[in-house]
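> Can you look at this prediction? I've put the sequence above it.
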Amino acid sequence: MDEILQIRNLSVEFYTRRGVLRAVDSVSLDVYKNQITAVVGESGSGKSTLASAILNVVQTPGIIVEGSEILFEGVDLLKLSEEEMRKYRWNEIAMVFQAAQNSLNPVVKIKDQILETYKAHRSATDQEIYERASKLLDYVRLDPERVLKSYPHELSGGMKQRVIIALSLLLNPKLLILDEPTTALDVITQAYIFDILVQLHKDTGITMLMFTHDVAIVAKIADRLAVMYAGKIVEVGDIREIFYNAKHPYTRGLLNAAPSLLDDVSKRKAIKGLPPDMISPPKGCRFHPRCSLANEYCREYEPCMKDLGNKHLVACHLYDKEALKDGSADVN
Ligand SMILES: Nc1ncnc2c1ncn2[C@@H]1O[C@H](COP(=O)(O)OP(=O)(O)OP(=O)(O)O)[C@@H](O)[C@H]1O
């Protein structure tokens, strides 16, 4: 299995009036070629910030902290000039942002937006670009003839999102990053779009990195899963390993809370408490105030990632011999 993307020690900070908010804190994550990797976490856990940092487009006033690395096929994207980075955006890595349908220019026809995007990166005749765009629109189950001559307001939210997905594939990228790709769409449309993405992955093998809060969706489509809590990745592993052998109490909580994963609705249990204020996160493990298994060690020391084998990693003192000596409960 080859890594196409290796995120190393990535931190992103926002300087706010209340203080420094570290939205992404020392995150390391491998994304393997031809796989769908999903990052799940509650709102505010840092998913969008992490997604935007990969293409070095963190929103102002966010800053990627010195020492962070984003290796794409071995090249550290954070060391590239703006000009060099442009060769990677769209061409090698394309991103579908949260509620991306709103990013279409309302006063420009879809066909002109497609031409503009293509020509900003590569040269081709209008005819060649329309042919490629038509194939892609057809692929995302839209009528190319109708859509190309439409303005965005003439299309539904789901149609616009499919236009964005087609647009993201225009230059044949190797990696597609999707940040909550179906936010603000109804449940049926969401399912339809995920169906298209799965088909796309089956047909082309394109590597995808998807950020979502929806554990149930992830269960259906991802190969690998990373769980994010309060700016940190707390567990990562192959999807079956995580679903059948989750180790982190937060991961277990997320799985227990996910509605469609359980047959018996009455057994769903929300995780008690709320995520921390990211300007002053708790000392030790950030999850400890919500964790029924937390001990003194968890309250004092931050856990680091431990490799459990089979590419399954967890950051939890319950799997740490030192911490166990201090008398914590064993979760198994
Ligand atoms: N422009 C900004 N200025 C200040 N703080 C920000 C900014 N953008 C994000 N944050 C903070 O960074 C943290 C992570 O936010 P982020 O949007 O990355 O989380 P998320 O998991 O994507 O949540 P959601 O799914 O709700 O978008 C939050 O505490 C948020 O308030």
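That came in fine, so what should we check first?
> what about the closest residue to the ligand within the stretch 201-332 of the chain, how many residues close to it?
For the stretch 201-332 of the chain, the residue closest to the ligand is residue 278, as judged by C-beta to the nearest ligand atom, at 4.1 Å. Every C-beta, even on glycine, is put in place using the N, C-alpha and C of the backbone. The tally of other residues near residue 278 (other C-beta atoms under 10 Å) stands at 20.
> Can you report how many residues lie near whichever residue of the stretch 51-200 of the chain sits closest to the ligand?
For the stretch 51-200 of the chain and the ligand, the shortest gap (C-beta to the nearest ligand atom) falls at residue 59, measuring 4.4 Å. Using other C-beta under 10 Å, residue 59 has 11 neighbouring residues.
> now the one 10 residues further on
Residue 69: 15 surrounding residues under other C-beta under 10 Å.
> what sits opposite it in the beta ladder?
Using DSSP bridges, the bridge partners assigned to residue 69 are residue 8.
> list the contacts for it?
6-10, 76, 78 (C-beta atoms under 8 Å, 6 or more residues apart in numbering).
> Just give me the residue right at the centre of the protein.
Closest to where the C-alpha atoms of the chain average out (C-alpha atoms, centre = their mean) is residue 211, at 2.3 Å.
> Residue 63 falls within a helix, correct?
No. If the criterion is DSSP: H, G, I helix; E, B strand; the rest coil, then residue 63 is strand and not within a helix.
> residue contacts, it?
So residue 63 contacts 12-15 (C-beta under 8 Å, 6+ apart).
> Quick check: what element follows the helix or strand containing the residue nearest to the centre of the chain along the chain?
Using DSSP states H and E, residue 211 sits within strand 207-212. Next helix or strand after strand 207-212 toward the C-terminus (DSSP H and E): helix 215-221.
> Helix or strand next in line after that following helix, which one?
Following helix 215-221 in sequence, per DSSP H and E, is strand 224-229.
> Next, the angle from the next helix or strand after that next one to strand 224-229.
Following strand 224-229 in sequence order, the next helix or strand is strand 232-238 (DSSP H and E). Counting by axes from the mean of the first three to the mean of the last three C-alpha atoms, to 10 degrees, strand 232-238 lies at 160 degrees to strand 224-229.
> Identify each buried residue in stretch 137-144, please.
Neighbour-count burial for stretch 137-144 flags 137, 139-140, 142, 144 (criterion: 16 or more other C-beta atoms under 10 Å).
> and it, what's its mean pLDDT?
When pLDDT is averaged over stretch 137-144, the result is 94.
> ok, residues contacting that stretch?
133-135, 147-148, 159, 162-163, 165-166, 169, 192, 196, 200.
> Kindly recompute the last result at 6 Å.
Contacting residues not belonging to stretch 137-144 are listed as 134, 147, 162, 165-166, 196 [C-beta atoms under 6 Å, 6 or more residues apart in numbering].
> and what of stretch 11-23?
With C-beta under 6 Å, 6+ apart as the criterion, stretch 11-23 contacts 24-26, 46, 49, 53, 58, 61-65, 68, 231, 278-279.
> Now tell me which of those residues the prediction trusts least.
residue 61 (90).
> separation between that residue and residue 211?
Distance, residue 61 to residue 211, by C-beta to C-beta, to the nearest Å: 21 Å.
> and the strand holding residue 211, what other elements does it pack with?
Contact analysis of strand 207-212 by 3 or more C-beta pairs under 6 Å, 6 or more residues apart in numbering; DSSP states H and E lists strand 36-40, strand 175-179 as its packing neighbours.
> Spell out which helix or strand contains the closest residue to residue 229 other than its chain neighbours, please.
Of all residues not flanking residue 229 in the chain, residue 250 sits nearest, at 5.1 Å (C-beta to C-beta, 6 or more residues apart in numbering). Under the criterion of DSSP H and E, residue 250 resides in helix 249-257.
> Let me know the average pLDDT across the next helix or strand after that helix.
Downstream of helix 249-257, the next assigned helix or strand under DSSP H and E is helix 296-300. Over the span of helix 296-300, the pLDDT mean works out to 93.
> Can you give the distance of the following helix or strand past helix 296-300 from its chain's centre?
Counting by DSSP H and E, the next helix or strand C-terminal to helix 296-300 is strand 306-307. From the chain centre to the centre of strand 306-307 is a distance of 22 Å (C-alpha atoms, centre = their mean, to the nearest Å).
> Sweet, I'm off.
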